[in-house]
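Student: Dropping a prediction and its sequence here:
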Amino acid sequence: MISFDQAQSLILEHSESLPIITLPFTESTGYFLSKPLVATCDSPLFDQSAVDGYAVRSEDIRTASADSPATLRLIGEVAAGSQKVPTIQEGTTIRVLTGGQIPRGADAVVMKEYCVVAQDFINITVPARPEDNIRFRGEEFSKGARVLETGTWITPPVVGMMAGFGMKSVSVRRPPRIALVVTGNEVLPPDQKLKKGQIHDSNSYSIKAALQRIGITEVHVSYSPDDEAHMKDVLKDAERNADVVMTIGGVSVGEYDLVKELLNQSGVETVFWRVAVKPGMPLFFGIKKSRKGPRKLFFGLPGNPVSALLLYQLLVVPALKKMMGNQKCRTLTLDATLRGKLKKKPGRLEWVRANLLIEGSTRYAIPLSGQGSHMLGGFAQSNCLIRFPESESHLSEGSTVDVVLLNW
């Protein structure tokens, strides 16, 4: 049995990036850049106004005040997108809208709130300094600048940047193809009628939903009873077109827990089996070399719903993100103040379902009731997990704890 941190390190160590594909940039949200994003133009493209107001020569209004405004002659207007831009001479001004080009001769813009229109003249009640309210060409970045690094997560702002650069497509890592194998004589899909002793499968549905949230949509789900020959065929079929195979159930030490043995028989190398963590101790992780690309990963998740989903989120997701090109894929933690008490036997890390509450400048972690590994209800109500270290047996009220946010 290994520690949770060892398990996380081993999984990431054996996870490899998948091949690069090209997508329309409009379809790339949720992926990761496979190469740096380079600016194809200056940003902004030209000197432009940051406000609605009046472009001026700052020296013309150097002494302007509310009691003694500077009066300038209005000679035109520049809206955003205007092609023709007049030139300002001494004693003149031009109305400009936010994003409009700065007229030649102007070195500042005065906000309209400090300007009074008097027919063809503008009375300005404040002085201006050179460069006031002007966004200069290339101020954010210049053409050819490396603006985002390889592995950057493509979020809506990144899509907006690519649109601003006039890009049509972007290179990303292909998302992994996933096979989910649900094992057990007692487990049936939700659309089938249950007999005594049977249960509906919730695990594949919760994990498939979580996969979709990180941009993985190619997911094949299959079921296998606890029959060695049948399960062998199902696992072989699952592996054929998948980069990652996740089995659910069948990795404990029971008489019918066949998965680990069958995977080993098919050539899967065991990296580890069993992790000192609660919930989720009977976790299997293995690898198999592929002739055509990166090695395949095999995760044997426990059958209890909370155990399966929690280990998926904390251990499998970082590996999937690394395969997709994310270079910062380890789970991030925050510190919080424990509101309540916790106790357990030492020797095993425990993840406690909780809610994170912010009051003023303090973060509080509040443990929830219903911590059983079969109780999805408590998981559904939680927004974070408290890390209860293996070396500890008690955590008192007010203790500082590490929490992981559940960003489904």
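Tutor: Cool, got the structure.

Student: List the contacts of the nearest residue to K345 once chain neighbours are set aside.
Tutor: Spatial nearest neighbour of K345, chain neighbours left out: S393 (6.5 Å); criterion: C-beta to C-beta, 6 or more residues apart in numbering. All C-beta atoms are positioned from the backbone trio N, CA, C, and that covers glycine. For S393, the contact set (C-beta atoms under 8 Å, 6 or more residues apart in numbering) comprises K343, K344, K345, P346.

Student: Just the buried subset of those, please.
Tutor: Burial by neighbour count, 16 or more other C-beta atoms under 10 Å: within the contacts of S393 this picks out K344.

Student: who's in contact with V401?
Tutor: D335, A336, T337, L338, A365, I386, R387, F388, L395.

Student: May I see those organised as TSV, with distance to G215 added?
Tutor: Shown next, in TSV, are the contacts of V401 (distance: C-beta to C-beta, whole Å):
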residue	distance to G215
D335	30
A336	29
T337	34
L338	34
A365	29
I386	28
R387	27
F388	31
L395	36
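
Student: so of those, which ones are in strands?
Tutor: Taking DSSP state E as the definition of strands, these contribute D335, A336, T337, L338, A365, I386, R387, F388, L395.

Student: so the third one touches E359, yeah?
Tutor: No. Using C-beta atoms under 8 Å, T337 and E359 do not qualify as a contacting pair, with a distance of 9.6 Å.

Student: between the two, which one's more packed in?
Tutor: Counted by other C-beta atoms under 10 Å, T337 and E359 do not tie: T337 has more neighbours, with 16 against 9.

Student: residues in contact with that one?
Tutor: Counting by C-beta under 8 Å, 6+ apart, the residues that T337 touches are T362, R363, Y364, A365, G398, S399, T400, V401.

Student: any idea how far the last one is from E90?
Tutor: When you say that, I think you mean V401. Here the criterion is C-beta to C-beta, to the nearest Å. By it, V401 lies 67 Å from E90.

Student: ok, now the first one?
Tutor: Distance of T362 to E90, computed by C-beta to C-beta: 58 Å.

Student: quick revisit: nearest to P279, out of the ones in strands among the contacts of V401: which one, please.
Tutor: Nearest to P279 among these, counting by C-beta to C-beta, is F388 at 11.8 Å.

Student: biggest strand in the protein by residues?
Tutor: Max-length strand for the chain by DSSP E is strand 349-359.

Student: just the angle between that one and strand 334-338, please?
Tutor: Going by axes from the mean of the first three to the mean of the last three C-alpha atoms, to 10 degrees, strand 349-359 is angled at 80 degrees with respect to strand 334-338.

Student: going forward, begin numbering at 31 instead of 1
Tutor: That works, and once the first residue is 31, the last one we named lands at strand 379-389.

Student: Tell me the buried residues in strand 379-389?
Tutor: For strand 379-389, burial by neighbour count (16+ other C-beta under 10 Å) applies to L379, E380, W381, V382, R383, A384, N385, L386.

Student: Including pLDDT and distance to G196, could these go into CSV?
Tutor: Below are those laid out as CSV (pLDDT from 0 to 100; distance: C-beta to C-beta, whole Å):
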residue, pLDDT, distance to G196
L379, 97, 49
E380, 96, 52
W381, 96, 46
V382, 96, 49
R383, 95, 47
A384, 96, 46
N385, 96, 45
L386, 97, 41
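
Student: Which two among those are spaced furthest apart?
Tutor: Longest span within the buried residues of strand 379-389, C-beta to C-beta: L379 and N385, 20.3 Å.

Student: Check which helices and strands the lowest-mean-pLDDT helix or strand in the chain is in contact with.
Tutor: The weakest-scoring helix or strand in the chain, judged by mean pLDDT, DSSP states H and E, is helix 406-411 (a mean of 84). On a contact count with 3 or more C-beta pairs under 8 Å, 6 or more residues apart in numbering; DSSP states H and E, helix 406-411 meets helix 335-341, strand 379-389.

Student: my guess is N356 meets L63, correct?
Tutor: No. Using C-beta under 8 Å, N356 is not in contact with L63, being 9.7 Å away.

Student: For the helix or strand hosting I124, the averaged confidence score.
Tutor: Following DSSP states H and E, one finds I124 within strand 122-126. For strand 122-126, the mean pLDDT works out to 97.

Student: Would you map the helices across the chain?
Tutor: In the chain, the helices defined using DSSP state H lie at 34-43, 186-194, 233-243, 258-270, 289-295, 335-341, 347-353, 406-411.

Student: Could you list the buried residues of the shortest one?
Tutor: In other words, helix 406-411. Under the neighbour-count rule (16+ other C-beta under 10 Å), helix 406-411 has L406, G408, F409 buried.

Student: again with the third one
Tutor: When neighbours are counted by 16+ other C-beta under 10 Å, the buried residues of helix 233-243 are found to be N233, S234, Y235, S236, I237, K238, A240, L241.

Student: Turn those into CSV, including distance to L331 and pLDDT.
Tutor: Shown next, in CSV, are these (distance: C-beta to C-beta, whole Å; pLDDT from 0 to 100):
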residue, distance to L331, pLDDT
N233, 8, 94
S234, 10, 95
Y235, 14, 95
S236, 11, 95
I237, 8, 97
K238, 13, 97
A240, 12, 96
L241, 13, 97
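
Student: ok, for A193, nearest residue in space, not its chain neighbours?
Tutor: Using C-beta to C-beta, 6+ apart, the nearest residue to A193 is F55, at 7.0 Å.
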